[in-house]
Every structure is written in C-alpha cells, then in structure tokens.
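*Asks:* one predicted model, sequence on top.
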Amino acid sequence: MYRRVSILLRKHFVSVLILCASIVIPFSSVKAADPAKGKATFQQNCASCHNVHKKLTGPALKGVEDRWPDKKLLHQWIHNSAAVLASGDKYANDLFNEYNKTAMTAFPALSDAEIDDILAYIKVEGAKEPGVKPAAGGQAEGTQEKGSDNSLLFGIITLVLAVVALILMQINSNLNKLASDKDGVPTPEPIPFYKNKTYIALGILVLFMVGGYFTINGAIGLGRQKDYMPEQPIFYSHKVHAGINQINCLYCHAGAEKSKHAMIPSENICMNCHKAIKEYAGPELFTAEGKKVNGTAEIAKLYDYVGWDPEAGKYTKPGRPIEWTKIHNLPDHVYFNHSQHVVAGKQQCQTCHGAITEMDEVHQFADLSMGWCINCHRTTKVQFADNNYYSIFEKLHQDIKDKKIDSVTVEMVGGTECQKCHY
C-alpha cells in the first residue's frame, strides 16, 4: 500500500507542480493599473500638452476612454497617432482636424502597462472636482491615488506552494522508507534537509541570485533621487507664483534660456513684488505632510533674510543669503545645458520638472537617469522648421521636402551620441 501511494505521488508530483504554476503565473502577471505610477508617467510625458480637466494644447482628458471606440485603438493612438490617422479612423481624424491638423507626439517607448497606469490616473483625477482643496493629509478628500498591487499576495501564494511541494517530497521519502522496511529492504536514515548538500547548494544559489538582484538594482539607483523633496528655509509655492499668478518661469530663472544653469533667483527679484505684497491672501497652503502653512509668516521670513522693514519701507539691516536646497542634481560627469533645451529644443519646463505649476513644494518627479534622457531623445520631435539652430542639417531639410520623413527626432540630429553629454 505504501509503495503504491509513493508511486502515485512520484507519478503525479510534477503534474501537481505544473498545475500550481499554471494557477499562480497567470494571476501574478495580471497587475492592476497603478494611478500613482500613472501620475508620474503623465507628468513626464503628457502634462506639457494635456490637463485632465481643461483644454490645453490638446483636449481635456477626463473621460478619454469613453470617447474612443475601443481601448486598443486608444493605445495605438498614443503609441503612434500617424498610423491611426492613416487607417482612416473617423474619430481620430475628427480629433486631428479639430486641433488644427496637428498630430499628437508619438510615444512608442511607453508600454501598454504604463498607458493603463496613465488612464487609471486620469480616471482618479477626473473624479475630483477642479480646485478641490487638499485634506489634512495633503490629498483631496475622498480620493486615493494608490493603486492596488497584488505582488505581495502572489508572493505569499508562491511561498505556500513551495512549502507544500517540500512537504510532499518529505512525505514521498517517508512512504518509500516505510514500504522498503515492510519488504525487509534496509534503508538508511534520510539526511535532514539542512545537511543535504543538494538543498544547501540550491539555497546558496537562490541567495546569490536574490542578493545579486538587489545589489544591481541598488547600484543602478546610486545618485538618483526621484521624488526628492527637501524642506526649504522659506515655503515657496510654485503653484501660487507660476500657476495662480502666472509669473513666467524665465522672470525668476532668467538663465534657463541664456546659459547652462537656470539659476536660483536673487532676493532682489523676490523683493520686486514683495515690497508691495506684505500679506498672503491666496488659497490655503499645506506642506506635503498636511501641515497648514501661514503664507504671511513666510513673507516675513523673506524680509528677515534681506533686512527689510515693511513698516519703515526700507532696508534697516544687512541681508544674508537664503540657503535654498538644490533638488535636481546630475552627476559631475554629465553635461546638461538649459539654454540648448529651452531655446534650440523649444522644450517647456514641465518636460523635465513635471507639473511645476501645480506644486506647492517642488520635488524631483523624474529619475533623470541616462535611460530617461535617451528615451526622451529618441521620441521627442524637434521644432525643425523655422529654427536657425538646425539650418545646417541640409539633408534632413531636403528629406522633409521630398516627404521621405515627416519629422525629425533629437536622435536623428545626434542626440544619442555619447559625447553630447559626456566629454
């Protein structure tokens, strides 16, 4: 009897493992769309042309899934709008005509999962009312952007199945021993698993692979500080200044179109306005932790730094520099020129800095890795026509006239050559 059970276990052991894997693998590969990740991807790729609630360069995106005939076509449109237009789809062509026959930038590098994350973010953001004030926790009341990630659940299921497999192996070994003892065949005592060389070797291999994975990931992430949001000496809201009051970025960061560095504005630039604006009368301000900020008290900090007496209307003591904490940092071996991107490349600040006009406290929304920059150069179309910077590329201009190409990406003008950023 024992031998028959043992044979059956051995015979169907592999089948059981395959069945377990067939149950776990499909479910583990199905991952719910994550609005939080979608928000970061949206700000990186879409925010310069689109807003969820209002029309910008492109249409407002609230309810975008309901407007398209099917989701697959929407994915195709995001990957390559020109191909969808060429297919003759009526909705796509109507949209193209509505927006002055300007095709949407293609994003072939975005995966379907990333697009689903963006759509999930749009759905969550679209459910909010525009202008809703954040709750104490810093988010709008009644909303939750965190997506449901079942990775932990599937990891637990996999671990349980592995334990079941080990138990079955042990049962099989014991049944073999019982069957052999009944037949009078002496069998040695089984080696405990913690002394079994095969198990020890497998354990070391697994530890080596897991350790290697985390070591490589950690090494790749060295020096990157995505989502870095240090506390500044004065609470300065870009949302209030650049968003609500529509102050041009170049008024404060004048170097962005003239030099390598965007420059931190001097206190004099702040005082151009704040000699007259002594009290804050805008919407309520909150830190990332949800703590309410007194805007008037923050203006008073500025006066203290520059030595300004608002009552007397003059400088009454020596000023001292405001020690702002730099947020966006690149390694020393990387060359980046703001003016080249702003003037020649015609890029908006949001391309690299995200939805800066919506940030009370600025954070680094992109990882600014080499891969992130290269992907941008591969997919971003430069403003090639009527741009003297690109007048020397005669062949590309001729190819456009001959309709061999319809646009020029940064990569096509040498944007992925190593010496462009490293020399």
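*Replies:* Right, received. Where do you want to start? All figures in this text were calculated on a predicted structure; none of them were measured in a lab.
*Asks:* residues near residue 117, how many?
*Replies:* For residue 117, the neighbour count with other Cβ atoms under 10 Å is 25. Quick note: C-beta positions are derived from backbone N, CA and C, even for glycine.
*Asks:* quick one: low-confidence ranges for this structure?
*Replies:* Across the chain, the ranges flagged by pLDDT under 70 are 1-31, 48, 100-102, 129-151, 190, 193.
*Asks:* quick one: furthest residue from the center of it?
*Replies:* Centroid-distance maximum for the chain: residue 184 at 66.9 Å, with Cα atoms, centre = their mean.
*Asks:* who's in contact with it?
*Replies:* By Cβ atoms under 8 Å, 6 or more residues apart in numbering, the contact list for residue 184 is empty.
*Asks:* so which bits of the longest helix anywhere in the chain are buried?
*Replies:* Looking across the chain with DSSP state H, the single longest helix is helix 151-182. Residues of helix 151-182 classed as buried by neighbour count (16 or more other Cβ atoms under 10 Å): 154, 157, 161, 168, 172, 175, 176, 177, 178, 179.
*Asks:* for the stretch 251-400 of the chain, just list every one of the strands.
*Replies:* 285-286, 292-293, 308-309, 314-315 (DSSP state E, counting those that start in this stretch).
*Asks:* ok, residue 229 - how many residues close by?
*Replies:* When neighbours are counted by other Cβ under 10 Å, residue 229 comes out with 16.
*Asks:* for the nearest residue to it once chain neighbours are set aside, give its distance to residue 111.
*Replies:* Nearest residue to residue 229, sequence neighbours excluded (Cβ to Cβ, 6 or more residues apart in numbering): residue 363, at 3.7 Å. Distance, residue 363 to residue 111, by Cβ to Cβ, to the nearest Å: 24 Å.
*Asks:* who has more neighbours, the two?
*Replies:* Taking other Cβ under 10 Å, residue 363 and residue 111 do not tie; residue 363 has more neighbours (16 against 12).
*Asks:* phi first, then psi, for that one.
*Replies:* Here is the backbone geometry of residue 363 (degrees, to the nearest 10): phi -130, psi 160.
*Asks:* what's the closest of the buried residues of helix 151-182 to residue 418?
*Replies:* The shortest approach to residue 418 among the buried residues of helix 151-182 belongs to residue 154, at 40.1 Å (Cβ to Cβ).
*Asks:* related to what we said a few turns ago, so the residue nearest to residue 229 sits against residue 228, correct?
*Replies:* Yes: Residue 363 lies in contact with residue 228 (Cβ atoms under 8 Å); the separation is 6.3 Å.
*Asks:* and for these two, which residues touch both?
*Replies:* The contact sets of residue 363 and residue 228 overlap at residue 327 (Cβ under 8 Å, 6+ apart).
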